[in-house]
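S.K.: the following comprises the amino acid sequence and a computationally predicted model.
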Amino acid sequence: MNNNPLNIIQLICIFMLSIGLMNHVIVIPLLLDAAGRDAWISAIMALGALPLWLPLLYFVMKQSKQMNLFLWLKTEFKSAIAYFVAILGSLLLLVISYITLSDTVTFTTTTYLTRTPDWAILLTLTVMCFYNAYHGIPSIAKTAVILLPFVFIFGIFDHSGLETLIISEQTLRDHFSRCKDVAILTATIQPDNTASGALTLVFVYCEELCDTQLMKQVIFPMFHEMCRKYPCHSVNEIEANKLLPMELLGKEVLMDDLDYHLFNGDLLVYFQEADVLYSLTLANPPNRDPEEPNTEVSIRGPKDGFIEEISKNVALIRKRIKSYKLCYEQFIVGTRSQTKVGLMYIDDIANREMIHEVKKEFCS
């Protein structure tokens with residue numbers, strides 16, 4: 001084993017990488033889940049623990065004279081105490097390692113390596129960890145020097161929305177499951193040529209953002225005619241026989257692209273037999289001049305006040321936030337009035353406990 005002292009660059013890389021993993025992968029997510037916007041207070045309070053922690057760390061290092069910690073415990077205390085502390089410390093380190101490894105794999109596969117299987121990243125990181133643990137601090141330092149630039153590079157770019165969705169009827173339903181203003185219809189069409197099997201089409205659209213009247217009176221009959229008269233079991237057949245100016249999105253679509261098309265008022269059409277998704281422009285969003293509602297006074301000029309019926313109010317918000325993470329749920333309140341109430345929130349920002357409490361109040 002190489003016992004040469006570490007240089008300043010290696011030390012900086014080790015500290016930055018270890019502190020970054022501990023903070024961003026373990027500590028910060030827990031703080032945000034528990035405290036939300038008040039999590040910054042916890043970081044300031046942690047500074048108060050440093051005057052207690054640093055003298056304790058210095059005392060242990062001085063007393064042990066930087067010996068192996070387990071050997072020092074056996075020398076200064078009974079073997080039973082040494083083994084007990086060693087087992088507890090090992091279990092703590094194993095738990096921290098498991099959480100860090102699991103969350104790192106999840107973060108990696110959901111951001112910039114979305115097509116890489118979990119097992120490949122898990123195996124790579126596990127082999128790297130065992131190798132470094134065997135070869136000691138110098139090996140860890142060299143690994144940190146190599147990895148840290150990549151951490152910086154990948155951290156600069158915003159990878160949100162680069163996740164891809166492999167299109168199927170079920171994935172479409174799952175993706176928009178908390179968007180109750182998104183309609184998903186399935187149609188089975190039998191071609192005139194009895195030798196061909198039935199065709200299944202899945203239509204996805206946002207009710208208040210597209211022209212539903214045109215869709216039902218013209219578009220649906222044209223799709224029915226196209227699938228009844230012409231073969232549509234493959235992409236080539238659909239491209240050759242399509243009666244409408246549809247845009248081919250493919251089998252695997254970026255989530256941002258999917259949300260952009262849908263919440264811009266497009267009709268998404270999934271041909272199940274061809275296993276491909278198309279988009280058709282049918283945008284008809286609610287357009288009106290901003291008007292100040294009677295019950296809400298704006299501080300600076302009129303805004304889009306909620307003065308329409310609920311579906312149109314929801315559409316006004318959808319025009320500005322084109323993301324499936326803007327969740328919309330409907331409730332019926334009042335035994336006699338049967339009032340329709342909508343709850344909208346951004347899934348990865350809203351306090352989940354608060355959302356749960358609001359839902360419980362609506363349902364009570």
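M.R.: Everything's here; your move.

S.K.: lowest confidence element among the helices and strands of this structure?
M.R.: Of all helical and strand segments in the chain, the minimum by mean pLDDT, DSSP states H and E falls on helix 28-35, at a mean of 74.

S.K.: contacts for that helix?
M.R.: Helix 28-35 has contacts (C-beta atoms under 8 Å, 6 or more residues apart in numbering) with 39, 41-43, 103, 352. C-beta: built from backbone N, CA, C; applies to glycine.

S.K.: closest one of those residues to residue 6?
M.R.: Nearest to residue 6 among these: residue 103, at 27.2 Å, using C-beta to C-beta.

S.K.: residue 188 is in what secondary structure piece?
M.R.: strand 182-189 (DSSP states H and E).

S.K.: for that strand, enumerate the helices and strands it packs against.
M.R.: In terms of contacts (3 or more C-beta pairs under 8 Å, 6 or more residues apart in numbering; DSSP states H and E), strand 182-189 is packed against helix 169-175, strand 199-206, helix 220-229.

S.K.: note down every partner strand of that strand and its orientation.
M.R.: strand 199-206 (antiparallel) (DSSP bridges).

S.K.: identify all contacting residues around the partner strand.
M.R.: 169, 172, 176, 179, 181-191, 212, 215, 220, 223, 227, 232-233, 262-263, 265-273, 282, 315, 318.

S.K.: phi, psi of the residue nearest to residue 115 when sequence neighbours are not counted?
M.R.: Nearest residue to residue 115, sequence neighbours excluded (C-beta to C-beta, 6 or more residues apart in numbering): residue 164, at 7.3 Å. With angles defined as degrees, to the nearest 10, residue 164 sits at phi -100, psi 150.

S.K.: could you list which residues are in contact with residue 164?
M.R.: Neighbours of residue 164 in contact, by C-beta under 8 Å, 6+ apart: 114-115, 252-255.

S.K.: quick one: low-confidence parts of the protein?
M.R.: 1-5, 25-26, 36, 110-112, 114, 154-162, 194-195, 288-308 (pLDDT under 70).

S.K.: strands of that one, start to end?
M.R.: For the chain, the strands defined by DSSP state E occupy 164-166, 182-189, 199-206, 247-250, 252-254, 266-271, 276-281, 326-333, 339-346.

S.K.: off-centre distance for the second one?
M.R.: Distance, stretch centre to chain centre, for strand 182-189: 26 Å (C-alpha atoms, centre = their mean, to the nearest Å).

S.K.: relative to helix 220-229, how tilted is that strand?
M.R.: On the basis of axes from the mean of the first three to the mean of the last three C-alpha atoms, to 10 degrees, strand 182-189 is oriented at 30 degrees to helix 220-229.

S.K.: could you check the angle strand 182-189 makes with strand 326-333?
M.R.: Counting by the same axes, to 10 degrees, strand 182-189 lies at 90 degrees to strand 326-333.

S.K.: what's in contact with strand 182-189?
M.R.: Outside strand 182-189, the residues that reach it (C-beta under 8 Å, 6+ apart) are 169, 172-173, 176, 198-207, 220, 223-224, 227-228, 262.

S.K.: repeat for the last one
M.R.: Residues from elsewhere that reach strand 339-346 (C-beta under 8 Å, 6+ apart): 310, 313-314, 317, 321, 323, 325-333, 355, 358-359, 362.

S.K.: now stretch 61-75: buried residues?
M.R.: 72-73 (16 or more other C-beta atoms under 10 Å).

S.K.: centre of the chain versus stretch 94-109, how much separation?
M.R.: With C-alpha atoms, centre = their mean, you get 16 Å for stretch 94-109.

S.K.: wait, stretch 244-257
M.R.: 20 Å.

S.K.: and the contacts of strand 182-189, which are buried?
M.R.: 172, 176, 199, 201-206, 220, 223, 227, 262.

S.K.: related to what we said a few turns ago, so which of the contacts of helix 28-35 is the closest to residue 18?
M.R.: residue 103 (14.6 Å).

S.K.: ok, the closest one to residue 320 distance?
M.R.: Using C-beta to C-beta, to the nearest Å, one gets 32 Å for the distance from residue 103 to residue 320.
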